[in-house]
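**Q** Quick one, structure for this:
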Amino acid sequence: MEKLTIDENQFLEKLNLTHVEAIFNAIDQNRRFLRKWLPFVDFTFKPADTERFVKSILEKSSANRDEVYIIWYKHEFAGLIGFKDIDRINDKIEIGYWLIEKMTGKGIATAATRKMVNLAFRNMDMNRVQIRCGLGNVKSSAIPRRLGFSFEGIERNGERHNHSYIDLEVFSLLKPEWAKTLF
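**A** Next up is the predicted model:
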């Protein structure tokens, strides 16, 4: 699916090479805001760095490819969301997301995550969806909590960031739990 409509103000568009400039500009203009929780910001200095990232996703075989979408809000770039670590043997998947600063606090990431959760369970027949958030990233961890995910615990030193490691909060939602709420 190239485009996923969320509502009249918001849609997701499958990542492609035409998005490189928009992604790079968003990172470059929001560097201070994004850097606190996103380690890739320190390795993104020019559009070619973003192009390498996009190509690294698109050049993988479809069976091994992460599914990444641009989040558009009122036709402005808002951020990225995607499936990563797709495990078709165990029917589980992880969702990752980020927004630029001016798009936070509007329910954009929650709506986009809800759309991705529904896609994972309905269309991909997954059994488990996981979200990991940096410990202390309250805005990010509010999203799985809001959507009824269970807090499973802390993944100690789960992500390398700024020459050290940060702990990650781990949240999950299982298909039977989702089926009861069908959000």
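
**Q** check contacts around residue 129.
**A** Going by C-beta atoms under 8 Å, 6 or more residues apart in numbering, residue 129 touches 92, 93, 94, 95, 117, 120, 121, 149, 172, 173, 178. Where C-beta positions appear, they are placed from N, C-alpha and C, glycine not excepted.

**Q** what kind of secondary structure is it in?
**A** At residue 129 the chain is in strand, as set by DSSP: H, G, I helix; E, B strand; the rest coil.

**Q** now swap in residue 157 and tell me
**A** The assignment at residue 157 comes out as strand when based on three-state DSSP.

**Q** Show me what the nearest residue to it once chain neighbours are set aside bridges to in the sheet.
**A** The shortest distance from residue 157 to any residue other than its chain neighbours is 3.7 Å, reached at residue 165 (C-beta to C-beta, 6 or more residues apart in numbering). Beta bridges link residue 165 to residue 160 when assigned by DSSP bridges.

**Q** how many neighbours does residue 165 have?
**A** Residue 165 has 12 neighbours, counted by other C-beta atoms under 10 Å.

**Q** The one 4 residues further on too?
**A** Using other C-beta under 10 Å, residue 169 is surrounded by 21 other residues.

**Q** Am I right that it is in contact with residue 156?
**A** No. Residue 169 lies out of contact with residue 156 (C-beta atoms under 8 Å); the separation is 11.1 Å.

**Q** before we move on, the earlier item: looking at the contacts of residue 129, which are in strands?
**A** By the criterion of DSSP state E, membership of these in strands covers 92, 93, 94, 95, 172, 173.

**Q** so what's the second one bridging to?
**A** By that I understand residue 93. residue 129.

**Q** How about the contacts made by it?
**A** Counting by C-beta under 8 Å, 6+ apart, residue 93 touches 83, 84, 85, 86, 87, 120, 124, 126, 128, 129, 130.

**Q** Lovely, talk soon.
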